[in-house]
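Asker: Got a predicted structure plus its sequence, pasted below:
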Amino acid sequence: MDTNRLSKKIEDILNHQVSKEAEAAQVFLSYGCWADAQGYGGVANFLFRHSGEERNHMMKVMQYIMQRGGTVKITAIKAPPKDPTNLQDCFEKAFKHEVDNTTAIYEIVNLAHKEGDWATFNFAQWFVKEQIEEEKLVMDLLDKLKIAGGPKATDESLFNLDKYLENAADDVPLARDASVDNPE
Ligand SMILES: [Fe+2]
Ligand SMILES: [Fe+2]
């Protein structure tokens, strides 16, 4: 008796997402190593923590596939891209990675909707929400860098930004979570 509750297409797209999250973890790991080598220890720490989050996403998708009776396939992943040229480039590339991942999540949502696989549709909603947060997190980094002077940022302002990121929170407050009792 077949107890796999996922269609072949859904199983494939979810397995693809497992690889994508693993790739994202490697990308942020490599950017973190680059940042550390440039002397930005705070940025490095921030990126290392973010890499850990991507790995958690990978585990979450894996667990869902297993929960539904599907088969997880762990495959080779792409090598991270070239090192960024500066902090602006680093954050811009990080933003592009997040947007690219959001697109991949939307593809899962679209397919689940098309197939009427409401369990997967519902599961994917967690990631839809998570991607709003992840994109906002990187937008905030770009905003902070802009305030620090953007491409013309002085060493002193970059030093302060780096120090700030050392202990910055991994998630950002969003308007949708704000309420009268708990304004954010
Ligand atoms: Fe992710
Ligand atoms: Fe992400």
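Answerer: Looks like it came in fine. Note that this is a predicted model, so its numbers are computed, not measured. Ligands and ions are numbered 1, 2, ... in the order given.

Asker: Show me what residue of the chain gets nearest to ligand 1.
Answerer: Residue of the chain nearest ligand 1, by C-beta to the ion: residue 57 (3.6 Å). Just so you know, the C-beta spots here come from the backbone N, C-alpha and C atoms, and that holds for glycine as well.

Asker: wait, that residue sits on residue 22?
Answerer: No - counting by C-beta atoms under 8 Å, residue 57 stays clear of residue 22, with 9.1 Å between them.

Asker: So which bits of the chain are right by ligand 1?
Answerer: Residues of the chain found near ligand 1 (C-beta under 5 Å from the ion) are 21, 54, 57.

Asker: quick one on the thing from earlier: residues touching the residue of the chain closest to ligand 1, list them.
Answerer: By C-beta atoms under 8 Å, 6 or more residues apart in numbering, residue 57 lies in contact with 21, 24, 127, 130.

Asker: And for the first one, the neighbour number?
Answerer: Spelled out, that is residue 21. 24 (other C-beta atoms under 10 Å).

Asker: For it, give me the pLDDT.
Answerer: According to the prediction, residue 21 has pLDDT 97.

Asker: Quick check: which element contains the residue nearest to it when sequence neighbours are not counted?
Answerer: Nearest non-adjacent residue to residue 21, counting by C-beta to C-beta, 6 or more residues apart in numbering: residue 58, 3.7 Å away. For residue 58, the host element (DSSP states H and E) is helix 41-67.

Asker: cool, residue 4 as well?
Answerer: Assigned by DSSP H and E, residue 4 belongs to neither a helix nor a strand.

Asker: sorry, back to before: from the residues of the chain next to ligand 1, pick the one nearest residue 67.
Answerer: Distance ranking of the residues of the chain next to ligand 1 against residue 67, using C-beta to C-beta, places residue 57 first at 15.5 Å.
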